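Enquirer: here is the input, now give the coordinates:
(2 chains)
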Amino acid sequence: MMSSSFNIFRVGISFVMVCIFYKSSVDTLPELSPQKYFSTLQSGKASLAYFCQADSPSTSIFLEELNKAVKPLQDYGISVAKVNCVKEEASRYCGKEKDLMKAYLFRGNILLREFPTDTLFDVNAIIAHVLFALLFNEVKYVTTLERLQNIEDTLKGKANIAFAYVRAIGTPEHRAVMEAAFVYGTTYQFVLTTEIALLGSIGTEDIEYAHLYFFHCKPVLDLTQQCRRTLMEQPLTTLNIYRFIKSMEAPLLTEVAEDPQQVSTVHLQLGLPLVFIVSQQATYEADRRTAEWIGWRLLGKAGVLLLLRDSLEVDIPQQANVVFKREEGMPVEYLVLHDIDLVISHVEKNMYTEEVREDEDDDIEGPDTDTLGIQDDEVAETVYRDRKRQLPLELTVELTEETFNATVTASDSIVLFYAGWQAVSMAFLQSYIDLAIKLKGTSTMLLARINCADWSDVCTKQNVTEFPVVKMYKEGENPVSYAGMLGTEDLLRFIQLSRISCPVNITSVQEAEEYLSGELYKDLISYSSVSVLGLFSPTMTTAKEDFTEAGKYLKGCVITGIYSEEDVSILSNKYTATLPALLLARHKEDKVESLPLANTHAQDIVQIITNSLLETFPEITVENLPTYLRLQKPLLVLFSDGSINPQYKKAMLTLIKEKHLDSLTPCWLNLKTTPVGRGVLQMYFDVLPPLPLLVVVNLHSGGQVFAFPSDQTVTEQNLLLWLKKVEAGLESPITILPAQEWKPPLPAYNFLHMMDAAASQHSSRKSPECVKETDVQENDKEQHEDKSAIKKEPTETLRIKHWNRRFLGQLITGRVSTLIGSPNQTFTM
Amino acid sequence: MGLSVARLWGSPGLLLTVALYLALTLHPVQASTPPHRDYCVLGAGPAGLQMAYFLQRAGRDYTVFERAPGPGSFFTRYPRHRKLISINKRYTGRANSEFNLRHDWNSLLSHDPRLLFRHYSPAYFPDASDMVRYLGDFAARLGLHVLYNTTIAHVTLSKDRQAWNGHYFILTDQKGQAYQCSVLLVATGLSVPNLVDFPGSEYAEGYESVSVDPKDFVGQNVLILGRGNSAFETAENILGVTNFIHMLSRSRVRLSWATHYVGDLRAINNGLLDTYQLKSLDGLLESDLTDLAIVKDHEGKFHITLKFYWEEGNQRADAITLPQDDSDNFAMRVAYDRVIRCLGWNFDFSIFNKSLKLSSVGEFSKKYPLVRGSYESKGSRGLFVLGTASHSVDYRKSAGGFIHGFRYTVRAVHRLLEHRHHRVAWPSTEHPITQLTSSILRRVNEASGLYQMFSVLADVVLVKENATAFEYLEEFPTQVLAQLETITGRQARHGLFVINMEYGRNFSGPDKDVFFYDRSVGHTEDAWQSNFLHPVIYYYRHLPTEQDVRFRPADWPLPRPTAIHHIVEDFLTDWTAPVGHILPLRRFLENCLDTDLRSFYAESCFLFALTRQKLPPFCQQGYLRMQGLVGTESLRQHRVESGALQDHAAADRHREDSGQWPGYHGPVGHPQAPGPLVQPLHSNKEEL
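Expert: Okay, here's the model as predicted:
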């Protein structure tokens, strides 16, 4: 490629952060004598040399770091060497004493700079300092606002500025800026500062981190006008700076008239999304101004394009005014956004929070590990946050090994098995206590609980090895496990409905009529909207057995009864049923249905009864959604803010009645009672169109979401037409639900890696004793923290941090003899 | 025999007849076939009774043979000074009976809470006679089948193709009565005092017979040979009345608090160390006994000399050179009134016929018989060694030589036998994957077998296909992990976790300073450097092979895993801290299984159900089965405050995107930083 003919080290824009110079052999630090070294210097070529005494140790932290810098510096055409000062060849660069050895930067054989080794504390510092020295003319270092203003003024109308603040010279951020300057230094004026005050004065609030601004000075013709500024929001890494500058170079606004799905610009390659502002002939001028404005706001974050709808060949949804393309190959999103801020926030919300770690820092404590300690389990987090609240636990009976059997045999009881350390069971314990408050003094059922963390034997004997579990113990019956939602309401229903036997044995026709009318169990009707009655002639033993089994299975979910007296025909005739039969009394609608039950097994009876509990047009809630999802049909949901609009309801019910909606599960959602529905809508729409909204969600195949056009009125006809179009694939979905698997939210500690690293360190250091090893590691940490830390931070503060960390650790584990005294004392015991 | 091979194969019924015929004709028909037992247990000590208990509960055909008239005869005489050094901790502040077994070193395992040792002695270090009483009650109350006063004098092997293991064990008692056993369980302990042969060794009194009355030692110079607990126990008893005690042994003293091995010198016996270091004339010396000789002078006092001199000096007391003749400051130049030998015990190999191939661990160590990691003899299938005699598996490492350790290894052997001979698979429980973190946590916080038999017995989690469920197996011997499928009858096709307890590497050892500063870590990211006993979880994508186990890295209890997790050591051994213990464990399990194991409220599951095509396991296995976690209003409030829940009830304000709850933005939003430290586990698949 470009090897020997290379004499200036500027490579131009095509230099893409990757090594261009590739010298195959020399990757390690060459060791030369002074004479040899000076003979290799080529004019115009930069070279960094570390002069050291021949008898000095062959390894040191500095040499290790210098070794790491060989390859990256070579990529910039800078050679690196270690020069051994031997007695015969004394050079003036050879210091007198061991401690005074320095590194020198030459261009040709001209000395450019000398560096005390402590300024070159790691590979980043080495590269940053060397490039900083070489690019002395290209990168202006400023300390005052005036100076910055001067530079800005002189460049107006001529060139743009890349202005960077780094906390200290020699930091990884500084290195990244210098590497960018190496590439872009002739195109843009690079300005660097380490003064926080300077950054503050140009209006940055968060000055804890390094910053990079792009000053758009080239288009400024009026000298009194300020250059527009764009802040780079990503962390300062070489790749991010590259991406940022690239996006600055891209046009602010592009006009297109093709299918957004096909459009691609440099932004997508840089991993930035595209935002199309849909324009029409009539409003072109205004649209263009809006788009430009959005373009400025999104500069560096997304590419903005003006999509001319009138010259477009493909169809895009009528009402959509913004098209969002997240990534090459991904389906575009059509949005209705009536506010520029909404466009911006949509983009920001959907941007990848990409964290590419460029520097392969093999330090054991990476910054990412901090986030691993953040609780991201909502149940664990909320239970933890609630830990200090006193619950009225005394409302439930706490059982122990001694009291368990006596208690559950003495009275009908409900027992909650939980584990004190398990978040889910502790969350449910709260609902359980709420239930106890509700039932206080009214129930004959004893509410008890047992902490399996204490009484694990009891729990194991009750066959409880998971938590939480609720079991009901009734005299003369096998314990029943509760299988419903872990919440107050559902458990209450279970308890109430379990008061009666399942099925109830009805003994007379009159009683049966009272049962069907809801009179018999008046107080239970609110818990079970349907009462089920099995009718059998006395001889139908198998059918009765099946029904009884089904009833037992459904205990606590629904009221079931059985009638098999001689005069059963009175009932079967009245309700036109053929024996064996099932009567379903729907109390809300005040009607009784009958179903034949010949040769139906218990399992199927359960199924029939469960299905009968489903409503035709239910209000969907958090509690009942799973029941309807089981039908495996697309949902037709009417989102309503408050109770349902009667006109809509009528339209839906008519369609249901006419069997037009059999392939769907029609339902409605009340945002007042199910506020999480708003979260669902936000996912579908980004911005809520006016409610009510009708949506088809194809959850089970494909995940498409279709919205009924908001400009149409909900009539049976329109609805039917729209559904037909959806079914025929003529409607385009407003969004497609993501189909990603649930992967680990965050990585785990890689202890194996750490152990390996320690083992290799261990063997290279040859320190067999564990005590010493800890000592060494401890020192290492300290040193590392020192050198990677920002120079400006006083070392004392660092020490304090370090000590805090250590002491805190010991206080947690408690195994510490004393907190006073230096660690060295204890090691030398 | 005239029958063609084809005919033989043609009819299995006939084959059987022929085989029987062969057996009857080819072997000399014995006058009376000896009584048969499926299981014969030798010895009614703690290990023998423990095995009898499990056999009894399983309804097996077994007999225990005991030469003494009652169980636990060892404890009727030993320890000589009657104080057991196994802890009888009656109070822990915890109700959990499994947890409390972690601190009860004397009880055997049973279902009867009355058979806990704390009901037998109030002493922290109880009296040995209480142990005898306890064992007597254990055998009697549980109705164990023990043949007392039956000394098995001889054990031989009799080949028989019908037998479970291809041979029967023939036991012959002192009266010549023979017994035929399918499986032989040897729990005879270590009963032969260890003797070291050197000139003058006959002058030494043995621990087994020396007086325990301090009066007999008044004003005497005493030399004790050995440096184990029996040596120190003997010294402790007479420390106050002797002129001084010298203690001589080959190697330096090993303190159990430094080695974490209960067989080393316990602090309760270490009075001599104290007086030695506080310049009170007592002392410890290191020398190999076999290089020495004891010479008795005309006054009956004992002098120490070198074997070398003794061999030179015609073995006449007066003529033998003493070391002080050459080197006048020789440490043991003083004359001793008594020499006491306290050198431990060996296994009694004498009753086993050569055909059993029951050999000792090493040529020089006759202490223990050689067994596999499954406690089965390497020489003959069906012969298992239990109890103290089985300690070669974890000698100087764990507690397998002591009641609080072998009660668990006996159970493991019983489980192995149940599967091998009765098709009863190793007990296990099956759970949905959402219970994985809880199942592991529960065990590491209460399991006593894991705690006592750390690094020898470990729990195993067998992951089911697609990682939707798992099976949990308790206390499996780690050394035979490779044979898990054949031993347990369970399948390990889709990866497994091994839950082990470990001290930090390099933390335990005879010369380690275990009180060094900074010996503990408190930060989760430093958990791998934990020193005190802590849970370690190994993840294997495939069941390790025998090669993997045999050639595992030095100091590793298990072969190198695909990934490893340390739960950071805890001062209270209570690993239930939500962020310090549970969260890192969950992250580890998630990354091994490549799934999301968080728990969610029903409301979140509802949101996911309507906005995602896939649901996390917790919602799938709970909410979708109508068992979602509803939560209360106050918890809901905390969700809003924590940022986990957008307050939808509030107005349409736009949410500040904290990014803390990636689940709400879809998996694309998950930061998956490919840093070197936080490498996702699947990325090193190739590497391993």
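Enquirer: which other helices and strands contact the helix or strand where residue A:151 lies?
Expert: Per DSSP states H and E, residue A:151 falls inside helix A:145-155. Identification of packing neighbours for helix A:145-155 by 3 or more C-beta pairs under 8 Å, 6 or more residues apart in numbering or on different chains; DSSP states H and E yields strand A:161-165, strand A:189-193, helix A:196-201. Bear in mind the C-beta positions are built from the backbone N, C-alpha and C, glycine included.
Enquirer: can I get those in a markdown table with distance to chain B, mean pLDDT and mean neighbour count?
Expert: Below are these laid out as a markdown table (distance: least, C-beta to the nearest C-beta, whole Å; pLDDT from 0 to 100; neighbours: other C-beta atoms under 10 Å in any protein chain shown):
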| stretch | distance to chain B | mean pLDDT | mean neighbour count |
| --- | --- | --- | --- |
| strand A:161-165 | 24 | 89 | 25 |
| strand A:189-193 | 28 | 89 | 22 |
| helix A:196-201 | 24 | 76 | 15 |
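Enquirer: would you list the ones you listed in a markdown table and tack on distance to residue B:75?
Expert: As requested, the helices and strands packed on helix A:145-155 are exported to a markdown table (distance: least, C-beta to C-beta, whole Å):
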| stretch | distance to residue B:75 |
| --- | --- |
| strand A:161-165 | 78 |
| strand A:189-193 | 82 |
| helix A:196-201 | 77 |
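Enquirer: centre of the chain to the helix or strand containing residue A:35, how far?
Expert: Assigned by DSSP H and E, residue A:35 belongs to helix A:34-40. Remark: helix A:34-40 is offset 56 Å from the chain centroid, using C-alpha atoms, centre = their mean, to the nearest Å.
Enquirer: go on, stretch B:167-176?
Expert: Centre to centre, stretch against its chain (C-alpha atoms, centre = their mean), the figure for stretch B:167-176 is 30 Å.
Enquirer: any buried residues in stretch A:535-555, and which?
Expert: Going by neighbour count (16 or more other C-beta atoms under 10 Å in any protein chain shown), the buried part of stretch A:535-555 is A:535-536, A:540, A:543-544, A:546-555.
Enquirer: repeat for stretch A:743-760
Expert: Within stretch A:743-760, the residues scored as buried using 16+ other C-beta under 10 Å are A:743-755, A:757-758.
Enquirer: among the residues you listed, which are in helices?
Expert: The helices, defined by DSSP state H, take in A:751-755, A:757-758 from those.
Enquirer: near chain B too, which of those residues?
Expert: Counting by C-beta under 8 Å from any C-beta of the partner chain, A:751-755 from those sit close to chain B.
Enquirer: of those residues, closest to residue A:181?
Expert: Among those, residue A:753 lies closest to residue A:181 (C-beta to C-beta), at 34.7 Å.
Enquirer: wait, what's in contact with residue A:611?
Expert: With contacts defined as C-beta atoms under 8 Å, 6 or more residues apart in numbering or on different chains, residue A:611 has no neighbours.
Enquirer: one step back: okay, the ones in helices among the buried residues of stretch A:743-760 in a markdown table with pLDDT next?
Expert: Compiled in a markdown table, these are given as follows (pLDDT from 0 to 100):
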| residue | pLDDT |
| --- | --- |
| A:751 | 91 |
| A:752 | 90 |
| A:753 | 89 |
| A:754 | 88 |
| A:755 | 87 |
| A:757 | 84 |
| A:758 | 82 |
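Enquirer: touching, residue A:62 and residue A:119? I think so.
Expert: No. Assessed by C-beta atoms under 8 Å, residue A:62 is found out of contact with residue A:119, at 10.6 Å.
Enquirer: ok, now which ones touch residue B:531?
Expert: Applying C-beta under 8 Å, 6+ apart, we find residue B:531 in contact with B:503-504, B:507, B:514, B:519-521, B:569.
Enquirer: how about a cut-off of 6 Å?
Expert: Residues in contact with residue B:531 (C-beta atoms under 6 Å, 6 or more residues apart in numbering or on different chains) are B:504, B:507, B:519.
Enquirer: which SS class is the last one?
Expert: In the three-state summary, residue B:519 is assigned as coil, counting by DSSP: H, G, I helix; E, B strand; the rest coil.
Enquirer: what's the local residue count around it?
Expert: The local packing of residue B:519 (other C-beta atoms under 10 Å in any protein chain shown) involves 23 other residues.
Enquirer: which pLDDT does the model give it?
Expert: Residue B:519 carries a pLDDT score of 78 in this model.
Enquirer: likewise the second one?
Expert: At residue B:507, the pLDDT value in this model is 82.
Enquirer: how close does the nearest residue to it once chain neighbours are set aside get to residue A:195?
Expert: Of all residues not flanking residue B:507 in the chain, residue B:531 sits nearest, at 4.2 Å (C-beta to C-beta, 6 or more residues apart in numbering or on different chains). Separation of residue B:531 from residue A:195 (C-beta to C-beta, to the nearest Å): 47 Å.
Enquirer: which stretches of the stretch 451-600 of chain B form strands?
Expert: With DSSP state E, counting those that start in this stretch as the criterion, the stretch 451-600 of chain B has strands at B:457-463, B:469-477, B:496-502, B:534-540, B:563-566.
Enquirer: can I get those in CSV with distance to chain A?
Expert: Supplementary listing: the strands of the stretch 451-600 of chain B in CSV, determined by distance: least, C-beta to the nearest C-beta, whole Å:
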stretch, distance to chain A
strand B:457-463, 13
strand B:469-477, 8
strand B:496-502, 12
strand B:534-540, 9
strand B:563-566, 5
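Enquirer: tell me which of the ones you listed approaches residue B:617 most closely.
Expert: Shortest distance between residue B:617 and the strands of the stretch 451-600 of chain B, using C-beta to C-beta, is found for strand B:469-477: 9.9 Å.
Enquirer: that older thread, closest to chain B among the buried residues of stretch A:535-555?
Expert: Nearest to chain B, judged by C-beta to the nearest C-beta, of the buried residues of stretch A:535-555 is residue A:554 at 13.0 Å.
Enquirer: give me the neighbour count for the residue of the stretch 201-350 of chain B found nearest chain A.
Expert: Chain A sits closest to residue B:258 of the stretch 201-350 of chain B, with a gap of 11.9 Å, by C-beta to the nearest C-beta. Residue B:258 is flanked by 19 other residues according to other C-beta under 10 Å.
Enquirer: Three-state assignment for it, please.
Expert: helix.
Enquirer: wait, it sits on residue B:513?
Expert: No. Using C-beta atoms under 6 Å, residue B:258 is not in contact with residue B:513, being 7.7 Å away.
Enquirer: so where's the stretch 551-688 of chain B uncertain?
Expert: The stretch 551-688 of chain B contains residues with pLDDT under 70 at B:644, B:646-688.
Enquirer: how does it look with 80?
Expert: For the stretch 551-688 of chain B, residues meeting the criterion pLDDT under 80 lie at B:643-688.
Enquirer: likewise the stretch 651-800 of chain A?
Expert: Low-confidence regions of the stretch 651-800 of chain A, defined here as pLDDT under 80, cover residues A:686-689, A:759-800.
Enquirer: residue in chain B with the shortest distance to chain A?
Expert: residue B:630 (2.6 Å).
Enquirer: ok, that residue touching residue A:484?
Expert: No. The criterion here is C-beta under 6 Å, and residue B:630 misses it with residue A:484 at 10.0 Å.
Enquirer: more neighbours, these two?
Expert: The neighbour count for residue B:630 versus residue A:484, taken as other C-beta under 10 Å, is higher for residue B:630 (24 against 19).
Enquirer: any idea which residue sits dead centre in chain A?
Expert: Nearest to the geometric centre of chain A sits residue A:745, at 6.7 Å (C-alpha atoms, centre = their mean).
Enquirer: wait, isn't that residue in contact with residue A:375?
Expert: No. Using C-beta under 6 Å, residue A:745 makes no contact with residue A:375, being 10.9 Å away.
Enquirer: returning to that earlier point: now the residue nearest to the centre of chain A: how far from chain B?
Expert: Going from residue A:745 to chain B by C-beta to the nearest C-beta, to the nearest Å gives 5 Å.
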